[in-house]
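K.L.:
task: produce atomic coordinates for the following.
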Amino acid sequence: MKLIASALFAAALTFFVPAEDSRNKYTPDDNTHFAMPAYSSLSEWEARKQHLRTQILSAAGLFPMPPKTPLNPASYGRLERDGYSIDKILIETLPGYYLGGNLYQPLRRSGKLPAVLLAHGHWKYGRLQNEVEYSVPALAVNLARQGYVVFAYDMVGYNDTRQTPHSFGGQDEQLWAFSPFGLQLWNSIRSVDYLLSLPNVDAARIAITGASGGGTQTFMLAAVDERVRFAAPVNMMSDSMQGGDPCEDAPGLRFGTFNTEIAAAIAPRRMLVVSSTHDWTKHTPYEEYPAIRKIYELYGRANRVGSVQVDAPHNYNKESREAVYKFFGEHMMGQRDSSALQDHEFEQEKDEDLLALRDGQPPANALNYDALFDSWKQISRRQAEAATDRSAIREQLRLALAVEWPTRLASDVDHENVLLSRVGVADRVGGLYIATGSKEATLVIHPRGAEAARRTPVVQSLVEAGRSVMMIDTFQTGNAHAYRNRSSRYFLTYNHSDDANRVQDILTALAFLKMNHSGPIKVVGLENAAVWCLFAAAVAPMDVALTANLEGFDGSDESFRKSFFVPGLQRAGGLRAARLLTNK
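P.N.:
Residues are numbered from 1 along each chain as shown. Below is the predicted model:
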C-alpha cells in the first residue's frame, strides 16, 4: 500500500516530494536573477527582517558582537581649507587593528551637526580617488561645506588599512567567520561609534553613502545598525548582480536572500536608491526600487524611499552626488533650496597629504595578519567559554549551520521506502522506514546512506526487538549522491555546505518521527555520521537520546576541515557548544 501524507500540515495531499533535490538543481551565485518575495503583512516582514539581520551578522562573524574596545582615535595632522578642515585619522577597531580615514568638518559651525559615513568602492585609489566619474574627496568636501561632519574610511586592504590584504581567507578563516566582509562591516559599525564619540555630532542624524562596493557596504551596515537613519546606496542595487568581491561575499551571507531584500531591511528609515543607465542597475527604477517601496508601504511610509537614475557609466559623479546632496539636505537639514546643494570645485590635496601613515608603517602595537587572526579566534573562544544561556548558544549554532526545524513536510511512504521534503524548499530526502507501531523510534545515520545502515548490527538488533527504525540517505550519501555545480567562486555565500545539508536532513527526519511517534526519539550516529548527529541533536528543539562515538573528532580546525566543514561553526562555539547542549 502506498501512502502520501504530510507529517506537519493538515492539507498534505496538496504537497508532493519532488523528483529531484532542489539543492542539486538550484545553486545560485552572484549573477542569479532573484525576485523579491511577496510579504502580506508588516508582522510577517518584521520577522523576516530580524532573521536577515541575524543572518548577516552571523555570516560576518559578528553574532554575538565582539566586545567594543576603546577606539583610541588619533589625528595625524589637520588641513584647513576654505570652509572645511580635514583630519587624517586612525581608529583602533579591534585591539591592535587600525582603520584609516579622513574626517572632514565644516569650519565656523556650532551646535550638533549631522554626520555622514563615506564607504568607497573598488576604484584603484580607494578613499583618495578623484576622477570625473568618481570622487570621494569631492563628495566629502561638498558635504562638509554644506554643514556635515564626514568620515571617509578605508575598505580593508586599501590606503592606511593594510594589516590584511583586501582578499584573504581559506577554510580555517571560514570556520571562524574571519573574512574581508566581516572585518569591513565591523569597521563600519565602529565608524558609527567613532562619529557618535565626537562632541559636535547629532546622534539622531547619522547617514551613510557609497557607490559600487561602497554601495554594498551602505545597505549592509544600514540593514544591521539602526543608528544609521539615512542611507544612499549608489549604483549597486540589482536583482541580478550581487557583488562578486571578497568584501561583498561571505559564506552564509545570502542564504535564501539577495541585496534588494537586504536593503529593504532599512525600512522605514529614509533611503535614496541611485542607479545608472549603463551598468547592472539599469533596471533599478522599474524592478528593484518598486520592490523595496512595497516594503515601505507596509509601514505606511512609501514617501521615505526614493529613486534617481543617472545617464552615465558606473559612477559616483557630479549628477549622482547632487542627487544625494538634495536627499540629505531635505531630510537631514531641512534644506529645500537646491541651489545650495550643488557640487562645487575644491582644492584637491596630494594623496600623501591625506594619508595618516605616509611611510606606510602602522602603530607599534599593530598586529600582522597571523596575529590578527589569532586574536579573532581568542575573542571568539572567550565569548564561547563565557556563554551560559543555552538558548543563545543553540541560536548561534543554528545560524552557523543555517538549518531549520520544518513546519511543513511532505512525505511519501511505500512499504519500507520513505521520501521526505520540506514544503516550499523542494528538497528530497530518501531512506528506509520500518514502522512497527511502537511509540518509540530510532533514527540511524550511516555516512554511506540508508542501505549501509540497514546492514549494520545496530539496526538488525532494533528490528529484531520490534522497534520502529528510520534510516536516511543524508545529502549526497547513498542513493542521494548526485552532481552539484560548485564552480562559483562564492558558492558558499549562497549554498550550504554538504555537511550543513546533512544536519538539515537529520532534523527533517526527526520532525517526521516526532509527529508519528509519541514516545522518545533516539538517534544513533555511526562512524563519521556521529558528528552530524551530534550537531543535529544540539540544535533540535526537542530532547534527543543520542548515541554518537566521535572516534577521534577533537574539535580542532583540522578535524572540522576533514570531517565536518561548516563555515562559521568554530566562531559559534564549535564542538564545545554542541557537547554542552547535548551533555556529551
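K.L.:
from memory F535 sits against V503, does it?
P.N.:
Yes: counting by Cβ atoms under 8 Å, V503 is a contact partner of F535 at 5.3 Å. Just so you know, the C-beta spots here come from the backbone N, C-alpha and C atoms, and that holds for glycine as well.
K.L.:
how about the closest residue to F328 other than its chain neighbours, phi and psi?
P.N.:
Nearest residue to F328, sequence neighbours excluded (Cβ to Cβ, 6 or more residues apart in numbering): A207, at 6.1 Å. When quoted as degrees, to the nearest 10, the phi and psi of A207 stand at phi -130, psi 160.
K.L.:
common neighbours of F535 and V503, please.
P.N.:
401, 566 (Cβ atoms under 8 Å, 6 or more residues apart in numbering).
K.L.:
the residue nearest to F328: how many residues sit nearby?
P.N.:
29 (other Cβ atoms under 10 Å).
K.L.:
contacts only, for it.
P.N.:
114-117, 228-232, 328, 332.
K.L.:
in strands, which of those residues fall?
P.N.:
Assigned to strands by DSSP state E, the following of the contacts of A207 qualify: 114-117, 230-232.
K.L.:
from those residues, which single one is nearest D239?
P.N.:
A231 (18.3 Å; Cβ to Cβ).
K.L.:
just give me the neighbour total for the closest one.
P.N.:
Residues near A231, counting by other Cβ under 10 Å: 26.
K.L.:
for the remainder of this discussion, apply numbering that starts at 49.
P.N.:
Yes, from this point I'll number from 49; that puts the last item at A279.
K.L.:
that one bridge partners, please.
P.N.:
I256, M319 (DSSP bridges).
K.L.:
tell me where the model's unsure across this protein.
P.N.:
49-62 (pLDDT under 70).
K.L.:
now do the domain split for it, please.
P.N.:
Domain segmentation of the chain under automatic domain parsing yields 50-78+438-630, 96-429.
K.L.:
now, of the contacts of A255, which are buried?
P.N.:
Among these, those classed as buried by neighbour count (16 or more other Cβ atoms under 10 Å) are 162-165, 276-280, 376, 380.
K.L.:
tell me how far stretch 172-184 lies from the chain's centre.
P.N.:
28 Å (Cα atoms, centre = their mean, to the nearest Å).
K.L.:
can you name the residues that contact L628?
P.N.:
438, 441, 621.
K.L.:
filter the residues you listed down to the ones in helices?
P.N.:
Members of the contacts of L628 lying in helices (criterion: DSSP state H): 438, 441.
K.L.:
okay, and the beta partners of A122?
P.N.:
Beta bridges link A122 to L138 when assigned by DSSP bridges.
K.L.:
contacts only, for it.
P.N.:
137-139, 404.
K.L.:
how far away is it from I254?
P.N.:
22 Å (Cβ to Cβ, to the nearest Å).
K.L.:
could you do P154 as well?
P.N.:
Taking Cβ to Cβ, one finds P154 at 16 Å from I254.
K.L.:
what's the answer for P615, then?
P.N.:
P615 sits 31 Å away from I254, going by Cβ to Cβ.
K.L.:
higher neighbour count, those two?
P.N.:
P615 (29 against 24).
K.L.:
my read is that one is in a helix, agree?
P.N.:
No: P615 is assigned coil when assessed by DSSP: H, G, I helix; E, B strand; the rest coil, not a helix.
K.L.:
ok so, going back, return the member of the contacts of A122 nearest to I237.
P.N.:
I139 (11.6 Å).
K.L.:
how far away is that closest one from K366?
P.N.:
Noted for I139: a distance of 30 Å to K366, by Cβ to Cβ.
K.L.:
which of those two has more residues huddled nearby?
P.N.:
Legend: neighbour count by other Cβ under 10 Å for I139 and K366, higher for I139 (23 against 19).
K.L.:
any idea which residue sits dead centre in the protein?
P.N.:
I104 (2.6 Å; Cα atoms, centre = their mean).
K.L.:
for the host helix or strand of V507, buried residues please.
P.N.:
Counting by DSSP states H and E, the element that carries V507 is helix 505-512. The neighbour-count check on helix 505-512 (16+ other Cβ under 10 Å) flags 507, 510 as buried.
K.L.:
could I have the CA atoms of that helix written out in CSV?
P.N.:
C-alpha atoms of helix 505-512 as CSV (Å, rounded to 0.1, in the frame of the first residue of the first chain):
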residue,chain,number,x,y,z
PRO,A,505,24.2,-5.0,13.7
VAL,A,506,22.7,-1.9,15.4
VAL,A,507,19.7,-1.8,13.0
GLN,A,508,19.3,-5.6,12.9
SER,A,509,19.0,-5.7,16.7
LEU,A,510,16.5,-2.9,16.8
VAL,A,511,14.3,-4.6,14.1
GLU,A,512,14.5,-7.9,16.0
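K.L.:
any idea how far that helix is from the chain center?
P.N.:
When distances are taken as Cα atoms, centre = their mean, helix 505-512 is centred 44 Å away from the chain's centroid.
K.L.:
contacts for it, please.
P.N.:
Here helix 505-512 makes contact (Cβ under 8 Å, 6+ apart) with 482, 490, 492, 501, 517, 519, 572, 574.
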